[in-house]
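Peer 1: here's my sequence, what's the structure:
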Amino acid sequence: MPMENTNRLHLFVILGLLAVTIAAYWPVHRFDFVIFDDPVYAAGNAHIAPGMTRESIRWAFAFNGAGYWQPMTWMSHMADQTLFGARPGPQHLVNLAFHLINVLLLFQFLFLATGAFWRSVMAAALFALHPLNVESVAWISSRKNLLSTCFWMLTLLAYFRYSRRLMVLRYCLVGIVMASGLMAKPMATTLPMVLLLLDFWPLNRIAEFPTTRCGVAPGTASLSGAAGRLPLYRILYEKIGILIISGISIGLTLASMRTIESSFMAPMPALSLRLANAIVTPFRYMEKLIWPQDLVFFYPFPAAIPAWQIVSAGLALLAITAAGVLTWRRRPYILVGWLWFLVTLAPVSGLTPVRLWPSMADRFSYVPAVGLFILTSWAMADILERVSFWKGAAVGISIVLVVMLAWGTRLQTRTWANSVALCGNALEVTSDNWLAHTQMGTVLRSKGQLGDAVYHFQEAIRIMPGNLDALNNLALALSETNRISEATRYFETIIRLKPENGSFHYNFGMHLLRNGDRPRALVHLQASARHRPGYVPVWNILGITAAQDGSLDQARAYFLRAMEVDPDYEEAPANLKQLERLAAGEDRRAVTPAFPERRGAEMPEAGRRGKAAAPAAPGSANRHPARGSGGEIRR
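Peer 2: Numbering: from 1, shown residues only. I've put the predicted structure just below:
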């Protein structure tokens, strides 16, 4: 076929792939925020809501207690707020745009490195349309995954340029792009190992391990024809710089995670269970890749894993790895694709001692599955080439597979339409899912369906007694249904288990204040201010109570502290102005109590991160308590 026609066909195929991907994901532009982490990463975060400001950028680069160190991700969400405000639709489309860019970058790297157009297209199509990737695209809070992967793919392209001509500037570019990806999500810490695998194949750079150019189009330039193969020690030596970058990222991640407030008292899964889970989960991911059904946003960590599963999985891991080693000269893509999958999955395998870690997560496979997609595409092409009518068979199989994946992705996106759909799907296809119960209860509570909310909170506590966020939510729901004594007992239990949590003290204090126990309420509100001094509503309510008691100087000090903590908080200046009028005798009307709405109670930071329920309806900012009016001091 003439080159001009070939290029035109290639362009048509790529545009077609992008069009199918857009069609599969297009419903996301109508989706809402969901309760799982979106209140932290979108408009519900008071540091994100103002958009790109000097203060918000400073917060993004700090250890802010809202998650691991990820300034690029925070700034991406701030840019969303600046451009689109608090509307979820455009933010969903930004996620889709990043996914499309990642698809193009993956294809571009594979095509440049191998020259195998159709194999590269097939690998990119699997990546673009597999339903397992829906979570990464349809969930706004998974922007970190998409952004990190974008820099991951750019790093591969930068490394390809470096491998063609070894220059310091090109090597520095590799490090800069990789560091940017690590600032979006520390998942990229495994990139040096992946680059070493690519040196083996398809770049064929390692002198001691020359591979056949399987699946690489004749005439495609590789390092063996450009800068020559290098000894293994040289290949390893040049990885030192990017290994240092990975090490720094790991250190920053561990340091930032220590600042996250935990409201979960359940014991850490034993090391033996975490190790068993790490051995078994690669095959659980493979099962989902082969037959993507029962996909949920949270897979609970198992109480135990049968010994036969551990032994079988361990033997299968060794057997597949051995097969890759034995065929490395003739079929190097088997070893590279398989090790890409295992190496990139290792950081999220559950071995890290982190509470609330799921046994697996669809989003964790976004990058690791690329290795299996490469393996599958090259293996299928090799098999079909042995068939006399392979071209027709390849086209037919490819079309059927793309259509099936696109349809499955379209159906899977529905589970991310809103919080009720998300939690309902998890409760339907899993059992004893404590997080799904907790978050469903919170959604129902925000809608005023308190009876159903109480049921879900009780189920969450039954499954995971150490879930203090569910206990807190249950106490709030009972308080709202005027089951005062029950709510008080639960609040007392929470405070006894977690006395240093300022949010729990605030909720208990407001519960007591509403129900007439003013002395105890003030004790807990002051404890809240002591343990969480950055939470401005507690200073405001302390000012109100002091004014009601006639302690105007103390009230003034509380209102000034609220204004110092958050200059944008509107209630404190208005209350201070009213207080000055009272002190001057200009307004002698009685100051009446005005307490925040019960469903506006503050949740702990960890709860707003999706580890348990968030207090407000999905998509509502709920930055400040409700505003009063007229001459009374506003809440």
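
Peer 1: wait, N204 touches P210, no?
Peer 2: Yes: between N204 and P210 there is a contact under CB atoms under 8 Å: 6.6 Å. No exception for glycine: its C-beta is placed from N, CA and C like everyone else's.

Peer 1: chain center to the helix ranked longest in the chain, what's the gap?
Peer 2: For the chain, the helix with the greatest residue count under DSSP state H is helix 88-114. Helix 88-114 sits 18 Å away from the centroid of its parent chain (CA atoms, centre = their mean, to the nearest Å).

Peer 1: could you point out which element follows it?
Peer 2: helix 117-129 (DSSP states H and E).

Peer 1: any idea of the mean pLDDT for that next one?
Peer 2: The pLDDT scores in helix 117-129 average 96.

Peer 1: just the CA atoms of the helix or strand just after it, as CSV, please.
Peer 2: Once helix 117-129 ends, the next helix or strand along the chain (criterion: DSSP H and E) is helix 134-138. Listed next in CSV are the C-alpha coordinates belonging to helix 134-138 (Å, rounded to 0.1, in the frame of the first residue of the first chain):
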residue,chain,number,x,y,z
VAL,A,134,-14.0,3.1,34.5
GLU,A,135,-13.2,4.0,38.2
SER,A,136,-10.1,5.9,37.1
VAL,A,137,-12.0,8.0,34.5
ALA,A,138,-15.6,8.4,35.9
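
Peer 1: mean confidence for helix 134-138?
Peer 2: Summarised as a single mean, pLDDT over helix 134-138 is 97.

Peer 1: and stretch 316-323, by the same measure?
Peer 2: pLDDT averaged over stretch 316-323 gives 97.

Peer 1: quick one: residues in contact with that stretch.
Peer 2: Residues outside stretch 316-323 that contact it (CB atoms under 8 Å, 6 or more residues apart in numbering) are 279, 282-283, 334-335, 338-339, 342.

Peer 1: out of the residues you listed, what pair is the most spread apart?
Peer 2: Farthest pair in the contacts of stretch 316-323 (CB to CB) is I279 and I334. Separation: 20.5 Å.

Peer 1: more neighbours: which of those two?
Peer 2: Shown here are I279 and I334; by other CB atoms under 10 Å, I334 has more neighbours (23 against 18).

Peer 1: checking my notes, that one in a strand, right?
Peer 2: No: counting by DSSP: H, G, I helix; E, B strand; the rest coil, I334 is not part of a strand but helix.

Peer 1: just the local confidence number for it, please.
Peer 2: Confidence score, pLDDT, at I334: 96.

Peer 1: equivalent analysis for M464, please.
Peer 2: If you check M464, the pLDDT there is 89.

Peer 1: please name the nearest non-neighbouring residue to S180.
Peer 2: Closest residue in space to S180, ignoring its immediate chain neighbours: F151 at 4.8 Å, by CB to CB, 6 or more residues apart in numbering.

Peer 1: quick one: the one you found and L191 touch, right?
Peer 2: No: at 9.4 Å, F151 and L191 do not qualify as touching, with contact defined as CB under 8 Å.

Peer 1: quick check: neighbours shared by those two?
Peer 2: The contact sets of F151 and L191 overlap at 178, 181 (CB under 8 Å, 6+ apart).

Peer 1: and L15, how many neighbours?
Peer 2: 10.

Peer 1: list the buried residues of the helix or strand M75 falls within.
Peer 2: Remark: M75 resides in helix 71-84, with elements defined by DSSP H and E. Going by neighbour count (16 or more other CB atoms under 10 Å), the buried part of helix 71-84 is 71-78, 80-81, 84.

Peer 1: packing partners of it?
Peer 2: In terms of contacts (3 or more CB pairs under 8 Å, 6 or more residues apart in numbering; DSSP states H and E), helix 71-84 is packed against helix 54-61, helix 88-114, helix 143-164.

Peer 1: excluding chain neighbours, what is closest to the residue nearest to the spatial centre of the chain?
Peer 2: Centroid check for the chain by CA atoms, centre = their mean gives S142 as the closest residue, at 4.2 Å. Excluding its sequence neighbours, the residue lying closest to S142 (CB to CB, 6+ apart) is S136, at 4.7 Å.

Peer 1: OK, contacts around that neighbour?
Peer 2: Neighbour list for S136: 99, 142, 145-146, 362-363, 366 [criterion: CB under 8 Å, 6+ apart].

Peer 1: quickly list the domain ranges of the protein.
Peer 2: Domains of the chain are assigned by automatic domain parsing as 3-260+269-416, 432-611.

Peer 1: mind showing which ranges of this structure have poor pLDDT?
Peer 2: For the chain, the stretches flagged by pLDDT under 70 are 1-5, 212-227, 259-267, 353-356, 388-390, 586-635.

Peer 1: ok, back up a step: a markdown table for the domains of the chain, including distance to L422?
Peer 2: Listed next are the domains of the chain as a markdown table, based on distance: least, CB to CB, whole Å:
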| stretch | distance to L422 |
| --- | --- |
| domain 3-260+269-416 | 5 |
| domain 432-611 | 8 |
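
Peer 1: so which of these is nearest G424?
Peer 2: Distance to G424, taken as CB to CB, is lowest for domain 432-611 among the domains of the chain, at 7.1 Å.

Peer 1: and the residue of the chain most remote from its centre, helix, strand or coil?
Peer 2: Taking CA atoms, centre = their mean as the measure, the residue most remote from the mean C-alpha position of the chain is G585, 54.2 Å away. Reduced to three states with three-state DSSP, the structure at G585 is coil.

Peer 1: any idea how far it lies from L552?
Peer 2: Using CB to CB, to the nearest Å, G585 is found at 12 Å from L552.

Peer 1: tell me what angle the strand or helix carrying T6 forms with helix 88-114.
Peer 2: Assessed by DSSP H and E, T6 sits inside helix 3-25. Counting by axes from the mean of the first three to the mean of the last three CA atoms, to 10 degrees, helix 3-25 lies at 150 degrees to helix 88-114.

Peer 1: which parts of helix 3-25 are buried?
Peer 2: Neighbour counts over helix 3-25 (16+ other CB under 10 Å) mark 14, 17, 20-21, 24-25 as buried.
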